[in-house]
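Trainee: Have a look at this prediction, sequence included:
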Amino acid sequence: MREYIVKAGDTLYEIAKREYGSYAMMEQLRTDNNLANPNLIYVGQRLKIREAGDLPPPPPPPPNGGTNPTPPTLPGPIEGGLLIDVPYYSQVGKDADWGRNDCGPACIRMLIGWHAKRLGKPDPAAITVDSLYKGLNVGMDGFTGWMQLTGLAAAQGLTLQFSNQATVPNLRHEIDAGRPAMVLILYSYIKNRLSSYTGGHYLVVAGYTVDAIIVHDPLWYGARAKEGRNRYIPLAEFEAAQKAVPNPYFRYPHQALVVKS
């Protein structure tokens with residue numbers, strides 16, 4: 001490994017992009033340097049940077065069965081459940097590369113697209129994950145909360161309501177009514193993921209089967225970005241990710257935004 005000395009204005013997010021060519025390597029950089037909080041780096045700090053030959057191989061592709069079978073034609077019933085047609089947006093890449101904690105705005109962008117479609121309107125191309133994130137004025141590394149996210153949706157005519165009762169039965173009820181939901185989970189409990197990130201993370205629930213919840217996960221990127229759409233998460237795994245409290249990211253289980261109107 002070589003050494004990098006932190007300069008004024010540096011963020012771990014930008015260092016990862018500059019040194020490794022990908023924002024997605026931020027978590028690897030954090031792990032290599034034992035950084036408990038990636039937001040707390042200081043000028044003059046010495047960071048270890050991996051050489052090209054030392055980089056870990058990419059994770060294997062997800063299996064084609066079990067947790068992520070081929071999605072059916074949308075929208076409509078599936079075996080033992082239902083799947084809603086919700087547009088998918090990644091939080092990394094084109095129009096989503098301004099900041100790193102943008103899973104919330106990415107999920108809101110998906111719900112805005114769904115809302116436009118249910119009104120018979122086109123998905124508004126002018127609204128991007130970056131434009132939503134910048135509009136919150138939290139900075140490139142700022143975290144987002146429920147109140148901020150409901151405000152983003154409201155500005156586009158979509159009313160979302162906070163719920164701390166987003167259990168699997170209640171989420172199924174929302175899907176049965178044709179409404180997706182946005183949930184907060186602890187990402188370390190999701191076994192089949194692309195990123196090594198393990199903190200709090202927002203997902204959009206788009207459907208369910210007898211033994212799984214189907215989500216749009218914005219933390220899929222690059223050549224595999226589309227694999228974030230309609231990911232099947234086993235029920236026990238999903239529920240554990242919802243209920244892993246307290247943790248440094250959220251204190252209460254079953255948090256979500258549901259569509260009010």
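Mentor: Yep, it's here.

Trainee: Need the three-state assignment for Glu174.
Mentor: helix (DSSP: H, G, I helix; E, B strand; the rest coil).

Trainee: How many residues are close by it?
Mentor: Using other Cβ atoms under 10 Å, Glu174 has 19 other residues around it. Any C-beta I mention is one placed from the backbone N, CA and C, and that applies to glycine too.

Trainee: cool, and Gly120?
Mentor: 6.

Trainee: and it, that's in a helix?
Mentor: No. With three-state DSSP as the criterion, Gly120 is coil rather than part of a helix.

Trainee: Run through the helices of the stretch 51-200 of the chain in chain order.
Mentor: Assignment of helices within the stretch 51-200 of the chain using DSSP state H, counting those that start in this stretch yields the ranges 103-118, 129-134, 146-154, 168-176.

Trainee: who wins for proximity to Glu27 among those helices?
Mentor: For Glu27, the closest of the helices of the stretch 51-200 of the chain is helix 103-118, at 13.2 Å, according to Cβ to Cβ.

Trainee: Please point out which parts of the closest one sit buried.
Mentor: Using 16 or more other Cβ atoms under 10 Å as the test for burial, helix 103-118 gives 103-116.

Trainee: Redo the helices of the stretch 51-200 of the chain as TSV? Include distance to Tyr202 and mean pLDDT.
Mentor: Formatted as TSV, these follow (distance: least, Cβ to Cβ, whole Å; pLDDT from 0 to 100):
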stretch	distance to Tyr202	mean pLDDT
helix 103-118	5	96
helix 129-134	12	92
helix 146-154	8	94
helix 168-176	14	95
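
Trainee: will you turn those into a markdown table that also has distance to Tyr249?
Mentor: Output for the helices of the stretch 51-200 of the chain, formatted as a markdown table (distance: least, Cβ to Cβ, whole Å):
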| stretch | distance to Tyr249 |
| --- | --- |
| helix 103-118 | 11 |
| helix 129-134 | 18 |
| helix 146-154 | 13 |
| helix 168-176 | 20 |
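
Trainee: Out of these, which is closest to His216?
Mentor: Using Cβ to Cβ, the helices of the stretch 51-200 of the chain put helix 103-118 closest to His216, at 5.6 Å.

Trainee: circling back: distance to Ile84 added to the buried residues of helix 103-118, as TSV?
Mentor: What follows is the buried residues of helix 103-118, written out as TSV (distance: Cβ to Cβ, whole Å):
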residue	distance to Ile84
Cys103	19
Gly104	20
Pro105	20
Ala106	17
Cys107	14
Ile108	16
Arg109	16
Met110	11
Leu111	11
Ile112	14
Gly113	12
Trp114	7
His115	12
Ala116	14
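
Trainee: Please compute how far the longest strand belonging to the chain lies from its chain's middle.
Mentor: The longest strand of the chain (DSSP state E) is strand 200-208. Offset of strand 200-208 from its chain centre (Cα atoms, centre = their mean, to the nearest Å): 8 Å.

Trainee: For it, name the packing helices and strands.
Mentor: Applying 3 or more Cβ pairs under 8 Å, 6 or more residues apart in numbering; DSSP states H and E, one finds that strand 200-208 contacts strand 81-83, helix 103-118, helix 168-176, strand 181-186, strand 212-216.
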